[in-house]
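S.K.: model this:
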Amino acid sequence: MTALQAFLTTPVLGTSAWLWLVFMAIVIGLLVLDLGVLHRHDREIEMRESLLLYSGYFSVGVLFGAGVWYQLGAQSALEFYTGFLVEQSLSMDNVFVMAMIFSYFAIPRRYQHRVLFWGILGVVFLRAIMIGVGAALVQNFAWVLYIFGAFLLFTGVKMALSKEDSRPDLANNPILKFVRRHMRVTDQIHGSHFFVRHTPAGHSKALRYATPLFLALVLIELADLVFAVDSVPAIFAITQDPFIVYTSNIFAILGLRALYFALAAMIHRFAYLKYALALVLVFIGGKIFLVGIIGKTPPVISLSVTLGLLIGGVLLSLWKTRNDPPALDAEKTPH
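M.R.: Reported below is the predicted structural model:
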């Protein structure tokens with residue numbers, strides 16, 4: 001066996017290095033195609049293009065799951081698909097928050113894709129850290145899974161009983177205040193630039209200023225961290241394989257960011273989806289505590305129940321809100 005073959009077959013977090021490399025190559029290829037080819041120039045993304053982009057990302061995720069099935073077996077593939085669906089569903093609320101952030105900073109639609117794209121790079125890095133820490137905790141302290149389960153049960157019940165979600169107070173966000181205190185910030189949009197150089201009155205040389213695009217990027221990364229607190233434990237409750245946890249997370253987030261421009265205009269149509277998500281969280285959290293009584297739930301049952309609940313929630317939402325006026329229209333974001 002050559003040194004290269006030995007490296008490629010070396011287990012990394014329980015999975016051969018070559019599978020991690022294939023995953024990384026696919027993600028990098030998708031990102032290069034997205035920003036370097038399809039969206040090299042800043043422009044508005046219409047709903048039709050958003051849906052087409054999502055269908056492409058979704059198809060790649062499904063095909064990757066098929067590759068997981070071929071290489072790692074049916075159980076790993078079913079766990080991947082379950083995590084893929086759960087992560088996309090739990091991140092739906094994040095779309096609403098992102099739309100609010102763009103509206104608050106009056107980010108023109110033609111620049112929103114650039115913010116979302118660079119936000120994905122942050123997600124890839126931050127989720128790797130969170131999942132790595134989570135995997136280490138679960139591996140060394142098995143009882144951590146019960147904490148995850150209790151947290152998911154609590155979150156699911158809280159979500160089901162909560163009324164309309166309150167809108168975040170972006171003006172008083174402590175992170176935003178910190179950035180404004182420690183960085184020079186301009187209130188004007190300067191094209192697609194996150195930073196610009198400007199010579200203020202009384203200065204002889206240009207100084208660097210952050211633009212509203214950078215502030216929006218910071219808050220979007222912060223929002224992802226907040227939502228990851230729910231989604232990461234949910235995926236670990238499905239599987240403890242770091243490869244399945246991380247890849248299902250990233251493919252789901254890539255697809256959802258592509259779908260943003262379609263979802264932001266119709267997020268109000270999914271008003272009842274939160275009840276389905278609450279049941280999914282309760283189901284996933286409850287599985288952990290039932291292992292000692294009925295044994296581990298087969299992956300095909302987990303996938304079927306999750307898919308059934310989510311489809312039911314979507315269909316109920318679309319039917320119940322068929323005559324409702326838009327609650328938040330992304331098209332109204334100031335230009």
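
S.K.: which stretches of the stretch 1-150 of the chain have low pLDDT?
M.R.: Low-confidence segments of the stretch 1-150 of the chain, defined by pLDDT under 70, span residues 1.

S.K.: tell me which residues in stretch 44-52 are buried?
M.R.: Within stretch 44-52, the residues scored as buried using 16 or more other C-beta atoms under 10 Å are 45, 47, 49-50. Glycine gets a C-beta too; all of them are placed from N, C-alpha and C.

S.K.: What ranges does the stretch 201-335 of the chain have for its helices?
M.R.: Under the criterion DSSP state H, counting those that start in this stretch, the stretch 201-335 of the chain contains helices at 212-238, 242-263, 273-294, 299-320.

S.K.: Reformat those helices as CSV; add mean neighbour count, distance to His113 and mean pLDDT.
M.R.: Output for these, formatted as CSV (neighbours: other C-beta atoms under 10 Å; distance: least, C-beta to C-beta, whole Å; pLDDT from 0 to 100):
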stretch, mean neighbour count, distance to His113, mean pLDDT
helix 212-238, 22, 11, 87
helix 242-263, 25, 8, 88
helix 273-294, 18, 25, 82
helix 299-320, 16, 25, 86
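
S.K.: right, and those helices - which one's nearest Gln139?
M.R.: Checking the helices of the stretch 201-335 of the chain against Gln139 by C-beta to C-beta gives helix 242-263 as the closest, at 9.1 Å.

S.K.: Which strands and helices lie in contact with that closest one?
M.R.: With contacts taken as 3 or more C-beta pairs under 8 Å, 6 or more residues apart in numbering; DSSP states H and E, helix 242-263 sits against helix 17-31, helix 47-72, helix 74-90, helix 92-104, helix 109-140, helix 212-238.

S.K.: Distance to Ser248 added to the ones you listed, as a markdown table?
M.R.: Listed next are the helices and strands packed on helix 242-263 as a markdown table, based on distance: least, C-beta to C-beta, whole Å:
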| stretch | distance to Ser248 |
| --- | --- |
| helix 17-31 | 11 |
| helix 47-72 | 8 |
| helix 74-90 | 3 |
| helix 92-104 | 16 |
| helix 109-140 | 10 |
| helix 212-238 | 7 |
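
S.K.: and among these, the most buried is which?
M.R.: Per residue and on average, the most neighbours among those fall to helix 74-90, with a mean of 23 (mean count of other C-beta atoms under 10 Å).

S.K.: Any idea what the closest residue to His198 other than its chain neighbours is bridged to?
M.R.: Spatial nearest neighbour of His198, excluding adjacent residues (C-beta to C-beta, 6 or more residues apart in numbering): Tyr209 at 5.3 Å. When bridges are assigned using DSSP bridges, the partners listed for Tyr209 are Val196.

S.K.: Spit out the contact partners of Tyr209.
M.R.: The neighbourhood of Tyr209, defined by C-beta atoms under 8 Å, 6 or more residues apart in numbering, consists of 183-186, 195-198.

S.K.: ok, and the most crowded of those residues?
M.R.: Among the contacts of Tyr209, Val196 has the most neighbours (other C-beta atoms under 10 Å), with 18 neighbours.

S.K.: right, and Gly286 touches Phe154 too?
M.R.: No: taking contacts as C-beta atoms under 8 Å, Gly286 lies outside contact range of Phe154: 11.8 Å.

S.K.: show me what contacts Leu19?
M.R.: Leu19 sits next to 71, 243 when contact means C-beta under 8 Å, 6+ apart.
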